[in-house]
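# no FASTA, just this:
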């Protein structure tokens, strides 16, 4: 139990795409953390004490370092362990290219995606217009996937894990349109993840930490649950 309590703590929200990609990286890097699931309407005082901005994910490492950005959590995970070469640290130029592509989707695509989702939710007449803006980014991914199995190469990288949650959100806005759209490679790529053991583990539903005080050990393909 003492060994478990010494693990890093990850404050997370199950369906938040930022928290989702942090969990994907932790799982893929074979790390273990204490997972504390929450709802944004009831944020733990423990989390707000270390991260007053109150958004997820928040990682508190074993030595007390607080990491508040999802991409930084991903980088931390793979810097601890990267058995499958998600970062390919031996080639810094390649890493810069990966981070550049992620930045485009974080800084540009995500805003357009939120407008598209809002247009659907509120039945706005601009729905198709917002979708088309999002599509300009999807076309780039489809082109990449026509040349290789994953977004950067024939092996998965940090880019794939970082973008999966947002492409999943896009696919759910107009489900029937998406299934008939001209992005077969993108659909295949997304389904590869959604149907994977990794995604199933990452999306496992746990009781809210504030309600149960359960200690959930997440990652390294072995999730355990105990009570304080």
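Looks like it came in fine. This structure is a prediction, so every number in the text was calculated from the model and none was measured. Residues are numbered from 1 along each chain as shown.

# mind giving me the domain split of this protein?
2-84+199-227, 92-196 (automatic domain parsing).

# what about the strands in the chain?
Ranges of strands within the chain are 9-12, 33-37, 58-60, 66-67, 214-218, 224-227, based on DSSP state E.

# which outside residues touch the fourth one?
Same thing as strand 66-67. Strand 66-67 is contacted by residues 50-51, 58-61, 73, 76 when judged by Cβ atoms under 8 Å, 6 or more residues apart in numbering. Placement of C-beta: from N, CA and C, glycine included.

# can you do 10 Å?
The contact list for strand 66-67, computed with Cβ atoms under 10 Å, 6 or more residues apart in numbering, reads 8-10, 22, 47, 49-51, 57-61, 73-77.

# show me what contacts the closest residue to residue 86 other than its chain neighbours?
Leaving aside its chain neighbours, residue 86 sits nearest to residue 158 (4.8 Å; criterion: Cβ to Cβ, 6 or more residues apart in numbering). Applying Cβ under 10 Å, 6+ apart, we find residue 158 in contact with 21, 24-25, 28-29, 71, 74-75, 77-78, 82, 85-88, 95, 98-99, 101-102, 151-152.

# What pLDDT does the model give residue 222?
Looking at residue 222, its pLDDT reads 56.

# okay, the residue nearest to residue 86: pLDDT?
You'll see residue 158 listed with a pLDDT of 97.

# Next one: it from residue 63, what distance?
Noted for residue 158: a distance of 23 Å to residue 63, by Cβ to Cβ, to the nearest Å.

# Could you do residue 195 as well?
From residue 195 across to residue 63, the span is 37 Å (Cβ to Cβ).

# and those two? which has more neighbours close in?
Using other Cβ atoms under 10 Å as the criterion, residue 195 and residue 63 rank with residue 195 on top: 9 against 6.

# sorry, back to before: mind telling me which of the domains of the chain the model trusts least?
domain 2-84+199-227 - the lowest mean pLDDT of the domains of the chain, at a mean of 92.

# Mind giving me the ChimeraX select for the contacts of residue 158, buried ones only?
Restricted to buried positions by 16 or more other Cβ atoms under 10 Å, the ChimeraX selection for the contacts of residue 158 reads:
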select :21,24,25,28,29,71,74,75,77,78,82,86,87,88,95,98,99,101,102,151,152
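
# Which of the contacts of residue 158 fall within helices?
Members of those lying in helices (criterion: DSSP state H): 21, 24-25, 28, 71, 74-75, 77-78, 95, 98-99, 101-102.

# Flag every buried residue along the lengthiest helix in the chain.
Within the chain, and with DSSP H defining each element, the longest helix by residue count is helix 127-147. Within helix 127-147, the residues scored as buried using 16+ other Cβ under 10 Å are 127, 130-131, 133-135, 137-138, 141-142, 144-145.

# Stretch 45-55 too?
Buried positions in stretch 45-55, judged by neighbour count with 16+ other Cβ under 10 Å: 47, 50-51, 55.

# where's residue 177 relative to residue 144, distance?
In terms of Cβ to Cβ, residue 177 sits 22 Å off from residue 144.

# next one: residue 57
On the measure of Cβ to Cβ, residue 57 and residue 144 end up 27 Å apart.

# before we move on, what about residue 47?
Taking Cβ to Cβ as the measure, residue 47 falls 37 Å from residue 144.

# again, but for residue 176
Separation of residue 176 from residue 144 (Cβ to Cβ) stands at 25 Å.

# likewise residue 96?
From residue 96 to residue 144 the distance is 17 Å (Cβ to Cβ).

# before we move on, what about residue 48?
Residue 48 sits 40 Å away from residue 144, taking Cβ to Cβ as the criterion.
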